[in-house]
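Engineer: kindly generate the corresponding structure for this input.
(one chain, ligands or ions: 1)
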Amino acid sequence: MIKILPSILSADFARLADEIHEVEEDVDLIHVDVMDGHFVPEITLGAGAVHAIHQSNLVAMDVHLMVNEPIHLLPSFIKAGAEYISVHAEACTHLHRVVQLIKEGGVKAGVALNPATPVSAIEPILNDIDYLLIMTVNPGYGGQTFIYNMVNKIKQAHERIVSQNLPVTIEVDGGINSETLPLCLKAGASMFVAGSAVFGRKNRHQAIEELVRSAGTHN
Ligand SMILES: O=C(CO)[C@@H](O)[C@H](O)COP(=O)(O)O
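Structural biologist: I've put the predicted structure just below:
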């Protein structure tokens, strides 16, 4: 079973509620990119916005924290109502502790890896996480080109997860469209973040349908 997660980074922030309404019937989760202007150059939104989306009961959220030392911000994002939270391995001094805190907050815990970070960086705590977010672009901006070398990295991660029989899901993010989704699916990913491939299109329902349909073309 695959999941498409529209990334609101590519949505019109001035009409965010309407933008989310346009996809809520078609997906279980939306992807929310939080940037701090340090770990990545841009600044996006914070726990207040996540809380507002949660309050409006639109759709569940997968929050991707692109921030240095997210341990300090975790309590507010957990309280804000995120269902999934991922942190970057590169941004945490005490990654295992951060993962434990997310789980203690009753939230699914993910670890994100930049393209240059090997899967082995997460190996010692692979059994502690709920999902592994493999960045298929360098984090920070929507609309970038998919890095094809990441397909091998997804395969490697998937092999490790399967060989240890772990209940860890692989999520991919960056440059996902109906051409790249099937490659990632074949390699072992099942959660697909798509920004411009959904919000860059006029008809979001059709865009999501096309992505789902592309999953049937991976053999
Ligand atoms: O985390 C990020 C960017 O850092 C993503 O979630 C982007 O929002 C993906 O956008 P597209 O590559 O799908 O346009």
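Engineer: and the residue of this protein that's closest to the ligand?
Structural biologist: Taking CB to the nearest ligand atom as the measure, the point where the chain comes nearest the ligand is residue 195, at 2.8 Å. Every residue, glycine included, has its C-beta placed from N, CA and C.
Engineer: phi and psi next, for that residue.
Structural biologist: Backbone geometry at residue 195, expressed as degrees, to the nearest 10, gives phi -90, psi -80.
Engineer: again, but for residue 65
Structural biologist: Backbone phi and psi, for residue 65 under degrees, to the nearest 10, turn out to be phi -90, psi 100.
Engineer: what's the per-residue pLDDT of it here?
Structural biologist: Per-residue confidence (pLDDT) for residue 65: 98.
Engineer: show me what it is bridged to.
Structural biologist: With beta bridges defined as DSSP bridges, residue 65 has these partners: residue 34, residue 87.
Engineer: can you pull the contacts of it?
Structural biologist: Taking CB atoms under 8 Å, 6 or more residues apart in numbering as the criterion, residue 65 is in contact with 34, 73, 77, 85, 86, 87, 88, 91.
Engineer: distance to the ligand and pLDDT added to these, as CSV?
Structural biologist: Compiled in CSV, the contacts of residue 65 are given as follows (distance: CB to the nearest ligand atom, whole Å; pLDDT from 0 to 100):
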residue, distance to the ligand, pLDDT
34, 10, 98
73, 17, 96
77, 16, 98
85, 14, 98
86, 10, 98
87, 13, 98
88, 10, 98
91, 13, 98
